[in-house]
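In: structure, please.
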Amino acid sequence: MKENISITELDGKKYKIRLVEPDDDGKAVITHYLHNIENGVAKYYEKDAKEYLNNFLSYKYNEEELKIVAEEAMQQLLFEVNDVPFPTPKNYSFKFIDLFAGIGGFRMALQNLGGKCVYTSEWDEQAKKTYRANYGEVPFGDITKEKNKAYIPDNFDILCAGFPCQAFSIAGKRGGFEDTRGTLFFDVAEIIKRKKPKAIFLENVKGLRNHNGGKTLATILNVLRNDLNYFVPEPQIINAKDFGVPQNRERIFIVGFHKNLNIEKFIYPEPKGIHVTFGKNVKEGQTVATKYYLSTQYLDTLKQHKARHEKKGNGFGYNIIPDDGIANAIVVGGMGRERNLVYDDRLTDFNPTTKIKGEVNREGIRKMTPREWARLQGFPDNFIIPVADASAYKQFGNSVAVPAIQATAEKILETAKIEFHAKRK
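Out: Numbers count the residues shown, from 1 in each chain. Next comes the predicted model:
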C-alpha cells in the first residue's frame, strides 16, 4: 500500500490528510464510482467504493473536521478522474462497456459518438496505466473472475470486446454455448447472456475466419445467433486504411443486435475514400531522437536476413515505408517494427544515446516512434503515452484502429436507432 501525505487549507486552517492508496481492485471500484456518481450506474459501485474510500482517506482530527476535510478530499478525487484528455461526454446519449479494453480504442471511438463507458476491464498492468492517464478510470482486472463480472451494471446499450482468439476444442460436439467453456469468448458470451445489451461489437484478427478450418468462427456465430438470440450478419473484414489512417490493417468485425429489436439487415460502413500517407499524416514533424535509428550492425543483419529469404522465394524481411506510402499492419513481436522502418535524413548528431553494436547508420533508416504508431491507429496527439517505449509499442500494436471502429459503431447506432451525437474528429 502506498501512503501519501497532503495538506489541505480550509477557512484559513491547514489540515494534514493521510491518503493510503488502495490496490488495483479498489482503484477500479473508486474510479468507476466517481465516473458515475451523477447517474444511476453509481449504485453498482457505491457500497464497495465507499468502503475503499473510508480506508483511502484517514484523518487525525475530531469528527466535525473529519467530515469537512472528507468532502474536500472527495472533490479532489472527482477533479482527478475528470481532469484527463478524454473525459466522458457531458451530454452522453448511450452507454457501453469496454471488455479486453487495452488502451481504450473502442472507448475513444464510442465517446466520439457521444457514448458513456460504464464498465471496463483489462488485465495488463501497463495498459491500465495508459488507460487511467487518458480516461481517468482504472479498468477492472481479469474478466474471467466472477468478482469482476459482478460489477457490470445492467441496462447498457452496447457491449464492445476485442477478445483474444483462444483455441476452441469442438471436435465431435455441436459447438454451442457450453462448448466454449475454457475460452475467453465464453466469458463474453456469458456477460451477453446475463445483461442482454441491445447491440454487440466484437473485433478480432483476420485469421479468426479460417481458424480451425472455420469451426471457431462457426461456433461463435452459433452461440450468438442461436444460444443468445441475436441477429448477427456475416462478419466482415475491415481495413483501417479505408477509414483515414495510412495502415494496411485488416481485422474481422462481428456485430449483433438483440432480436427484440427486430433488426434483419445491417450494412457495414463503406470506405471513406480519404487519401492518406505516412509522410503527410503520421511522420514526426521534428527531428527524431537518435535511439530510434538503427545501428549499422543491426541494419546489416536485417539486409542479410532478407537476402536469404529472397533467394528462397520468400517475401520475409524488413520493409521501409516511403513517405508517400502506407504502413504495414503494426503488430507485437516478430518483425513488427522492422516491417515498418522509414527514411528520415534529418538527424545531424550521430552519437548513440543507448548501447548499440556498431554505429548509428548514415542512411537515415529508423524505426517509427510510439507516437507514429499511435497516429497509425487513429489516436490524437493529446493521447498520453505514460509508459516506456517497449510497452507503448505493445499497446498500440494490440489496439484497434479507432477510425474503423468509429465508422462501424456509427452504423450500429443508426441501425439500432440509438441516439448519438454527430461524429467529432
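In: buried set for the helix or strand containing Lys280?
Out: Using DSSP states H and E, Lys280 falls within helix 278-281. Residues of helix 278-281 classed as buried: 278-279, 281 (neighbour count, 16 or more other Cβ atoms under 10 Å). C-beta coordinates here come from the backbone N, C-alpha and C atoms, glycine included.
In: how about stretch 238-252?
Out: Buried, per 16+ other Cβ under 10 Å, within stretch 238-252: 238-247, 249, 251-252.
In: please enumerate the strands of the stretch 201-350 of the chain.
Out: With DSSP state E, counting those that start in this stretch as the definition, the stretch 201-350 of the chain shows strands at residue ranges 230-231, 236-239, 247-248, 250-258, 320-321, 327-328, 341-343.
In: hang on, the earlier thing: need the max-distance pair from the buried residues of stretch 238-252.
Out: Pro246 and Ile252 (21.0 Å; Cβ to Cβ).
In: start and end of stretch 229-237, how far apart?
Out: The first residue of stretch 229-237 is 23 Å away from its last residue (Cα to Cα, to the nearest Å).
In: just stretch 357-366 next, same as before
Out: End-to-end distance for stretch 357-366: 15 Å, by Cα to Cα.
In: centre of the chain to that stretch, how far?
Out: In terms of Cα atoms, centre = their mean, to the nearest Å, the centre of stretch 357-366 is set 33 Å apart from its chain centre.
In: what residue ranges in the stretch 201-350 of the chain score low on pLDDT?
Out: Within the stretch 201-350 of the chain, no range satisfies pLDDT under 70.
In: if we can go back for a sec, so which of the strands of the stretch 201-350 of the chain is nearest Leu110?
Out: Taking Cβ to Cβ, strand 250-258 is the member of those nearest to Leu110, at 13.2 Å.
In: mind saving the C-alpha coords of that closest one as PDB?
Out: Listed next in PDB are the C-alpha coordinates belonging to strand 250-258 (Å, rounded to 0.1, in the frame of the first residue of the first chain):
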ATOM      1  CA  GLU A 250      -7.300  -6.000 -41.700                       C
ATOM      2  CA  ARG A 251      -9.500  -7.100 -38.800                       C
ATOM      3  CA  ILE A 252     -12.700  -9.100 -38.600                       C
ATOM      4  CA  PHE A 253     -15.700  -7.200 -37.200                       C
ATOM      5  CA  ILE A 254     -18.700  -9.100 -35.700                       C
ATOM      6  CA  VAL A 255     -21.800  -7.100 -34.900                       C
ATOM      7  CA  GLY A 256     -25.100  -8.300 -33.500                       C
ATOM      8  CA  PHE A 257     -28.500  -7.000 -32.400                       C
ATOM      9  CA  HIS A 258     -30.800  -8.400 -29.800                       C
END
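In: run through who's touching that strand.
Out: Outside strand 250-258, the residues that touch it by Cβ atoms under 8 Å, 6 or more residues apart in numbering are 196-206, 208-209, 217, 220-221, 224-225, 229-233, 235-240, 263, 266, 268, 329, 400-401, 404, 408, 412, 415-416.
In: tell me which residues touch the residue lying closest to Asp324 once chain neighbours are set aside, please.
Out: Nearest non-adjacent residue to Asp324, counting by Cβ to Cβ, 6 or more residues apart in numbering: Thr277, 5.1 Å away. For Thr277, the contacting residues are 246, 323-326, by Cβ under 8 Å, 6+ apart.
In: filter those residues to the buried ones?
Out: Buried members of the contacts of Thr277, scored by 16+ other Cβ under 10 Å, are 246, 326.
In: for the contacts of Thr277, give me JSON lines that also has distance to Glu46.
Out: Output for these, formatted as JSON lines (distance: Cβ to Cβ, whole Å):
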{"residue": "Pro246", "distance to Glu46": "45"}
{"residue": "Asp323", "distance to Glu46": "53"}
{"residue": "Asp324", "distance to Glu46": "55"}
{"residue": "Gly325", "distance to Glu46": "52"}
{"residue": "Ile326", "distance to Glu46": "48"}
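In: how far away is the closest residue to His305 other than its chain neighbours from Arg366?
Out: Distance criterion Cβ to Cβ, 6+ apart; nearest residue to His305, sequence neighbours excluded, is Gly317 at 5.8 Å. Gly317 sits 17 Å away from Arg366, going by Cβ to Cβ, to the nearest Å.
In: end-to-end on stretch 34-53?
Out: End-to-end distance for stretch 34-53, by Cα to Cα: 11 Å.
In: that one: which residues count as buried?
Out: 34-37, 41-42, 44-45, 48-49, 52-53.
In: average model confidence for that stretch?
Out: Average pLDDT, stretch 34-53: 90.
In: Provide the backbone phi and psi angles at Asp157.
Out: Main-chain dihedrals, Asp157, degrees, to the nearest 10: phi -90, psi -40.
In: ok, now which ones touch Asn247?
Out: Careful, residue 247 is Gln and not Asn. Applying Cβ under 8 Å, 6+ apart, one finds that Gln247 lies in contact with 240-241, 326-330, 376-377, 401.
In: any buried residues in stretch 78-85, and which?
Out: Neighbour counts using 16+ other Cβ under 10 Å place Val81 of stretch 78-85 among the buried residues.
In: quick one: mean pLDDT over that stretch.
Out: For stretch 78-85, the mean pLDDT works out to 88.
In: try stretch 351-363
Out: What stretch 351-363 shows for mean pLDDT is 90.
In: centre of the chain to it, how far?
Out: On the basis of Cα atoms, centre = their mean, stretch 351-363 sits 33 Å off its chain's mean C-alpha point.
In: again, but for stretch 197-214
Out: Taking Cα atoms, centre = their mean, one finds the center of stretch 197-214 at 17 Å from the center of the full chain.
In: may I have it as PDB, with CA atoms only?
Out: Provided in PDB are the C-alpha atoms of stretch 197-214 (Å, rounded to 0.1, in the frame of the first residue of the first chain):
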ATOM      1  CA  PRO A 197     -27.400  -5.400 -24.400                       C
ATOM      2  CA  LYS A 198     -29.200  -4.000 -27.400                       C
ATOM      3  CA  ALA A 199     -26.100  -4.500 -29.600                       C
ATOM      4  CA  ILE A 200     -22.700  -6.200 -29.500                       C
ATOM      5  CA  PHE A 201     -19.500  -5.200 -31.300                       C
ATOM      6  CA  LEU A 202     -16.600  -7.700 -31.400                       C
ATOM      7  CA  GLU A 203     -13.200  -7.400 -33.100                       C
ATOM      8  CA  ASN A 204     -10.500 -10.000 -33.800                       C
ATOM      9  CA  VAL A 205      -7.700 -10.800 -36.100                       C
ATOM     10  CA  LYS A 206      -8.400 -11.600 -39.700                       C
ATOM     11  CA  GLY A 207      -7.300 -15.200 -39.200                       C
ATOM     12  CA  LEU A 208     -10.300 -15.900 -37.000                       C
ATOM     13  CA  ARG A 209     -12.200 -16.500 -40.200                       C
ATOM     14  CA  ASN A 210     -10.200 -19.600 -41.100                       C
ATOM     15  CA  HIS A 211      -9.100 -20.700 -37.600                       C
ATOM     16  CA  ASN A 212      -9.500 -24.400 -37.100                       C
ATOM     17  CA  GLY A 213     -10.900 -24.800 -40.600                       C
ATOM     18  CA  GLY A 214     -13.600 -22.200 -39.900                       C
END
